[in-house]
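Asks: What would the 3D arrangement of this be:
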Amino acid sequence: MASLKKFLIGEPLASDEEQHQRLRKFIALPVFASDAISSTAYATDEILVVLLLQAGVGAAAFRPLLPIAVIVCVLMAIVVVSYRQTIHAYPSGGGAYIVSRENLGSTPSLVAGSSLLVDYILTVAVSVAGGVLAIRTATGFDHGLTVPICLVCVFVMTVMNLRGVKESGAAFAGPTYFYILMLVLLIVSGFYRIFVQHVGPIPAEMLSDDARELSTSTQSLGLYMLLRAFSSGAVALSGVEAVSNGVPAFEKPESKNASTTLMWMGGILGSCFFGVSVLAVHLKPFRGEADGNG
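Replies: Numbering: from 1, shown residues only. Now for the predicted structure:
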């Protein structure tokens, strides 16, 4: 077991080597921001799931999407600015647990820490499942392999993180920046088609009879459903606190570098989330390969 452990996670580092494990901002971004940035893949969907359940596929469902996205972005900006202040106030690391323990006591801090633990577990589960589902949709591999592939992905990420932040940063930088690049290209090309080529929303002739009937529905969305959609979309804020938790892992000056990385993350997260939401409002499906039936 000792040799296996050494092979998987490497030798323990001496204390005097800790300084050489500090992260530059370019590497720290994928290490600490991947949790938050990954939520752009499903945050808009979570809003639409609630809206579509209530109002079908018509304008009544899509109309509140952008206002909700704007509110989520405003809340995101408030949270980012708050954590930026926390970074400078707690240069040794100031996540929700430490801040609440020092200001509110042990019980609130345990609640905050427990909620973060649940948040991280659910983020890993949802992100990995969503990513594997996207790969299965594109490649068409056997449905029975979905769970094993998810477990392998979780195992690989666990091992990489156990090897240390510097090694995991080098390994995760490529996929994270590739995802950001592809998402930006998607948004830019989508905006070009919407605002230059004037591609509109779903045309009625492309809908089934049942969907066409729903699209003409004027059923309104109640306040409860709007609040529920907002709370579902707030998943976009998941993981924003990771940078403030990891301030000691940054190169000196730690607080300044962590603060800059946090602002980068907020800008990328907010713009990508809002961009995807705009594309969703102008959704125009075509007969393609998503379900394999054409």
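
Asks: buried sites along the one helix or strand Ile187 maps to?
Replies: Element membership for Ile187 (DSSP states H and E) is helix 165-195. Buried residues in helix 165-195, counting neighbours by 16 or more other C-beta atoms under 10 Å, are found at 165-173, 176, 179-180, 183, 187, 190, 194. C-beta here means a position set from N, CA and C on the backbone, and glycine is covered the same way.

Asks: wait, which of the residues you listed is closest to Ile71?
Replies: Ile71 lies nearest to Ile187 out of these, by C-beta to C-beta, at 19.8 Å.

Asks: what's the spacing between Val79 and Leu269?
Replies: Distance, Val79 to Leu269, using C-beta to C-beta, to the nearest Å: 10 Å.

Asks: higher neighbour count, these two?
Replies: Applying other C-beta atoms under 10 Å to Val79 and Leu269 shows that Leu269 carries more neighbours, namely 26 against 15.

Asks: Check the secondary structure at the more buried one for me.
Replies: The three-state label given to Leu269 by DSSP: H, G, I helix; E, B strand; the rest coil is helix.

Asks: which residues sit in contact with the nearest residue to it once chain neighbours are set aside?
Replies: Excluding its sequence neighbours, the residue lying closest to Leu269 (C-beta to C-beta, 6 or more residues apart in numbering) is Ala36, at 5.3 Å. By C-beta atoms under 8 Å, 6 or more residues apart in numbering, the residues touching Ala36 are Ala236, Leu237, Ser238, Gly239, Val240, Ala242, Met265, Leu269.

Asks: where does Ala36 land in three-state SS?
Replies: Going by three-state DSSP: Ala36 is helix.

Asks: what separates it from Leu183, distance-wise?
Replies: Counting by C-beta to C-beta, the gap from Ala36 to Leu183 is 13 Å.

Asks: This protein: strands as residue ranges?
Replies: Here the chain has no strands by DSSP state E.

Asks: quick one, longest helix in it?
Replies: Longest helix in the chain by number of residues (criterion: DSSP state H): helix 106-139.

Asks: all helices for the stretch 1-150 of the chain, in order.
Replies: Remark: helices assigned in the stretch 1-150 of the chain by DSSP state H, counting those that start in this stretch are 2-9, 25-38, 43-55, 59-62, 65-89, 96-103, 106-139, 146-162.

Asks: Not counting residues beside it along the chain, what's closest to Tyr161?
Replies: One thing to correct before we go on: residue 161 is Asn, not Tyr. Distance criterion C-beta to C-beta, 6+ apart; nearest residue to Asn161, sequence neighbours excluded, is Ser168 at 4.9 Å.

Asks: so the one you found sits right up against Ala28, yeah?
Replies: No - counting by C-beta atoms under 8 Å, Ser168 stays clear of Ala28, with 11.0 Å between them.

Asks: one step back: looking at the helices of the stretch 1-150 of the chain, which is closest to His282?
Replies: Nearest to His282, of all those, is helix 59-62, at 9.0 Å by C-beta to C-beta.

Asks: Distance of the one residue sitting closest to the centre of the chain relative to Ser100?
Replies: Computing the C-alpha centroid of the chain and ranking residues by C-alpha atoms, centre = their mean puts Ser39 first, at 1.7 Å. From Ser39 across to Ser100, the span is 23 Å (C-beta to C-beta).

Asks: can you check Phe274 too?
Replies: For Phe274 relative to Ser100 (C-beta to C-beta), the value is 30 Å.

Asks: Now stretch 162-172: average pLDDT?
Replies: Here stretch 162-172 scores 73 as its mean pLDDT.

Asks: same check, this time on stretch 110-128
Replies: Mean pLDDT, computed over stretch 110-128, is 86.

Asks: CA atoms only: put that stretch into PDB for me.
Replies: What follows is stretch 110-128, C-alpha atoms only, in PDB (Å, rounded to 0.1, in the frame of the first residue of the first chain):
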ATOM      1  CA  LEU A 110     -20.000  24.500  11.700                       C
ATOM      2  CA  VAL A 111     -23.200  25.200   9.800                       C
ATOM      3  CA  ALA A 112     -21.200  27.100   7.200                       C
ATOM      4  CA  GLY A 113     -18.500  24.500   6.900                       C
ATOM      5  CA  SER A 114     -21.100  21.700   6.600                       C
ATOM      6  CA  SER A 115     -23.000  23.600   3.800                       C
ATOM      7  CA  LEU A 116     -19.700  24.000   1.900                       C
ATOM      8  CA  LEU A 117     -18.900  20.300   2.200                       C
ATOM      9  CA  VAL A 118     -22.400  19.400   0.800                       C
ATOM     10  CA  ASP A 119     -21.900  22.100  -1.900                       C
ATOM     11  CA  TYR A 120     -18.600  20.700  -3.000                       C
ATOM     12  CA  ILE A 121     -19.900  17.100  -3.100                       C
ATOM     13  CA  LEU A 122     -22.900  18.100  -5.200                       C
ATOM     14  CA  THR A 123     -20.800  20.300  -7.500                       C
ATOM     15  CA  VAL A 124     -18.500  17.300  -8.200                       C
ATOM     16  CA  ALA A 125     -21.400  15.000  -8.800                       C
ATOM     17  CA  VAL A 126     -23.400  17.400 -11.000                       C
ATOM     18  CA  SER A 127     -20.400  18.700 -13.000                       C
ATOM     19  CA  VAL A 128     -19.000  15.200 -13.700                       C
END
